[in-house]
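Visitor: sequence and predicted model, in that order:
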2 protein chains.
Amino acid sequence: MRISELTTPALLIDAARLTHNLRVMSEALPGPRLRPHVKAHKCTALAKRQAAQGHRAFTCATVREVEGLAAAGLGDDLLLANEVVDARRLGALDARVTLAVDSPETVEAAARGGLREVLVDVNVGLPRCGCAPERAGALADLARKRGLEVRGVMGYEGHAMLNADRAERARLTAESMERLAAAHRDVGGDVISAGGTGTYDLNGLATEIQAGSYALMDTSYMALGLPFEPALSLLATVISVSQAFAVADCGLKALGMDHGNPRIDDAKVWFCSDEHVTFGERRVAVGERIRVWPAHVDPTVAYHARAWLVDGDAVLEDWPIDLRGW
Amino acid sequence: MRISELTTPALLIDAARLTHNLRVMSEALPGPRLRPHVKAHKCTALAKRQAAQGHRAFTCATVREVEGLAAAGLGDDLLLANEVVDARRLGALDARVTLAVDSPETVEAAARGGLREVLVDVNVGLPRCGCAPERAGALADLARKRGLEVRGVMGYEGHAMLNADRAERARLTAESMERLAAAHRDVGGDVISAGGTGTYDLNGLATEIQAGSYALMDTSYMALGLPFEPALSLLATVISVSQAFAVADCGLKALGMDHGNPRIDDAKVWFCSDEHVTFGERRVAVGERIRVWPAHVDPTVAYHARAWLVDGDAVLEDWPIDLRGW
């Protein structure tokens, strides 16, 4: 099949760029040094490519992602890097599942849900989940008393991730990892799980990096000058042209908008509506197909039921985005 | 079932408020005076409620929405208020389908796709689709030469829709409708389709109003002081609490973010991550359930596979969001 036969908007994954990204990351962080985060792509077909590259342990953000990976035969070592107050669906899986905990309530949920292993989630500077570093040891003790195996700690330096100044990114990461190291001294265990695409080569503490965006990239991450290439685009059709601007059929229901407007090559994007992007400066004709580059991959992918793996104009594979929902 | 049994994040539709909104709009715009836009809810179960209220003609933004309504037995009079360059899927439907056209190419697509009826889409001020008003007559002539029935014109005053100043909203609407009236004089036909929730009682020209958001509303539209109530919320679970803030499991993959952050009653929303909302000022406990009010309904609904119709804590019905995709 050719991409000209696809209904638009269509999510395209460039096969060569994906391969490049997977290879570059695997060279930097081979095998278990990388625990790919599937929230960025929500696609078991892509996760299988990552597993084939030697990364058999995955990071998830939702129960549904854990379930989907387990069902796809990728259940060797799944980390739900998020808190839940009801872990029963996780405990019922035929897979090795480790759950993040950051409070007595979430420890209790893990134990009652039938889980056996946890990581203590530590707040290292991002105002989100994670206990205070000085409370991590007591939480680990509590988890062990409840019969849980504490594999170690995790702490996400998300506030450093998209800082365009590499030195400042490194400084924030080091500061965060000091907090995580202190917590780890009190908690023990083999695992220190942290990091992401923006700090994958700056985080000197983590035993495993939870990067996800590196596989597909987006215009926000491209600003960091990382050695990964944008592999995800939207194919759109120009449906209306006037003197000053043109309109294509790829709107904000096909694009995550929290990082702002997408980009279109050689054009200036004016704004997105539900099913339209209005852009100027580039001369196009009605019926012409264009590529739209999303500002944020993760919420973009989550709008689509499938992605198409492509090589130029050739469609190679149809990849269901099968980890959507909760 | 009770809402306490739902997996979060869960999309909730308040049955009483929905009924109120449908009733108020039907009193203002009875029967064919309203052509409800289904893009706001993408749900045939909700469309059936609108049909039961006397509105049997619908507005759609995508081919998929037209197909889904036709399959649900709601195909009496479907308007795709958008341009397409391939109309074959529409022409194949067992339903009355009218297509917007704004160029010779889209007229040709309608004719080749086997459609019989079109509206000439006129640009009335929003930089998006629609031909210049002075070209509408020639386009209607062209459509008739290609054997198409021209039912009239449409023109969306989207640039007026969310203006919080009612007088200014009225002025912009009147200015837009002058352009549409001029085009209609050249085009002819019985239909002048325009308007939306923000101008439903200000648009004095349109024979039918294409409002959609009124049924569920959102925090952006609430700022206009319209007589509709917010009927759509997200049920979320608090998963982490610290001294200064708390975190619930409803993030930007469950919320359209183009109109900004959602609201949480009695709290200050700090920011959304993929699967989290961080908020302050309200004291909550881990495991507590809260309501999150989306800033923009349309792209919020599009992230969810289903909505739950609720009456207080009781879950009345499970409504698939079955018009998603393209």
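Guide: Looks like it came in fine. Since the model is a prediction, treat every value here as computed from it, not as a measurement.
Visitor: could you use CA atoms for every contact and neighbour count after this?
Guide: OK.
Visitor: middle-most residue in chain A, spatially?
Guide: For chain A, A:Ala40 is the residue whose C-alpha lies nearest the centre (Cα atoms, centre = their mean; 2.7 Å).
Visitor: give me the element the closest residue to A:Leu202 other than its chain neighbours is part of.
Guide: Take A:Leu202 and drop its neighbours on the chain: the residue closest to it by Cα to Cα, 6 or more residues apart in numbering or on different chains is A:Ala170, 5.7 Å away. A:Ala170 is part of helix A:166-187, with elements assigned from DSSP states H and E.
Visitor: please apply the same query to A:Ile192.
Guide: Secondary structure assignment for A:Ile192, by DSSP H and E: strand A:191-194.
Visitor: now do that strand: which elements does it pack against?
Guide: Strand A:191-194 sits against strand A:149-155, strand A:208-209, with contacts defined as 3 or more Cα pairs under 8 Å, 6 or more residues apart in numbering or on different chains; DSSP states H and E.
Visitor: using a markdown table, lay out those strands together with mean neighbour count, mean pLDDT and distance to chain B.
Guide: Below are the helices and strands packed on strand A:191-194 laid out as a markdown table (neighbours: other Cα atoms under 10 Å in any protein chain shown; pLDDT from 0 to 100; distance: least, Cα to the nearest Cα, whole Å):
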| stretch | mean neighbour count | mean pLDDT | distance to chain B |
| --- | --- | --- | --- |
| strand A:149-155 | 25 | 98 | 14 |
| strand A:208-209 | 26 | 98 | 18 |
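Visitor: residues in contact with the nearest residue to A:Gly189 once chain neighbours are set aside?
Guide: Closest residue to A:Gly189 apart from its sequence neighbours, by Cα to Cα, 6+ apart: A:Gly152 at 4.2 Å. A:Gly152 makes contact with A:118-120, A:184, A:187-192, according to Cα atoms under 8 Å, 6 or more residues apart in numbering or on different chains.
Visitor: wait, which of the residues you listed is closest to chain B?
Guide: Closest approach between these and chain B, by Cα to the nearest Cα: A:Val120, at 12.8 Å.
Visitor: ok, the closest one touching A:Ala136?
Guide: Yes - using Cα atoms under 8 Å, A:Val120 is in contact with A:Ala136, at 6.5 Å.
Visitor: any idea of the pLDDT on A:Leu162?
Guide: On pLDDT, A:Leu162 comes in at 89.
Visitor: hang on, it in a strand?
Guide: No - counting by DSSP: H, G, I helix; E, B strand; the rest coil, A:Leu162 falls outside a strand, being coil.
Visitor: is it true that it touches A:Gly196?
Guide: No - at 9.9 Å, A:Leu162 does not count as touching A:Gly196 under the criterion of Cα under 8 Å.
Visitor: now stretch A:276-294, how far from the chain's geometric center?
Guide: 27 Å (Cα atoms, centre = their mean, to the nearest Å).
Visitor: with stretch A:168-178 instead?
Guide: So, by Cα atoms, centre = their mean, the centroid of stretch A:168-178 is 21 Å from its chain's centroid.
Visitor: for the record, mean pLDDT for that stretch?
Guide: Averaged across stretch A:168-178, pLDDT comes to 97.
Visitor: may I see the buried residues of that stretch?
Guide: A:169-170, A:172-174, A:176-177 (16 or more other Cα atoms under 10 Å in any protein chain shown).
Visitor: list of residues touching that stretch?
Guide: Stretch A:168-178 is contacted by residues A:124-125, A:155, A:157, A:159-163, A:199, A:202-205 when judged by Cα under 8 Å, 6+ apart.
Visitor: please pick the buried ones from the residues you listed.
Guide: Neighbour-count burial (16+ other Cα under 10 Å) is assigned, among the contacts of stretch A:168-178, to A:124-125, A:155, A:157, A:160-163, A:199, A:202-203, A:205.
Visitor: number of nearby residues for A:Gln243?
Guide: A:Gln243 has 8 neighbouring residues, counting by other Cα atoms under 10 Å in any protein chain shown.
Visitor: will you turn the buried residues of stretch A:168-178 into a markdown table that also has distance to B:Val63?
Guide: Shown next, in a markdown table, are the buried residues of stretch A:168-178 (distance: Cα to Cα, whole Å):
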| residue | distance to B:Val63 |
| --- | --- |
| A:Arg169 | 45 |
| A:Ala170 | 48 |
| A:Leu172 | 48 |
| A:Thr173 | 47 |
| A:Ala174 | 51 |
| A:Ser176 | 49 |
| A:Met177 | 50 |
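Visitor: out of those, who's nearest chain B?
Guide: Minimum distance to chain B across the buried residues of stretch A:168-178 is 17.5 Å, recorded for A:Ser176 (Cα to the nearest Cα).
Visitor: for the stretch 201-326 of chain A, give me the ranges with low pLDDT.
Guide: Filtered on pLDDT under 70, the stretch 201-326 of chain A yields no residues whatsoever.
Visitor: tell me which stretches of it form strands.
Guide: Secondary structure of the stretch 201-326 of chain A (DSSP state E, counting those that start in this stretch): strands at A:208-209, A:232-241, A:245-248, A:263-264, A:268-272, A:277-280, A:289-293, A:306-311, A:314-320.
Visitor: just these: most buried one?
Guide: Highest mean neighbour count among those (mean count of other Cα atoms under 10 Å in any protein chain shown): strand A:245-248, with a mean of 27.
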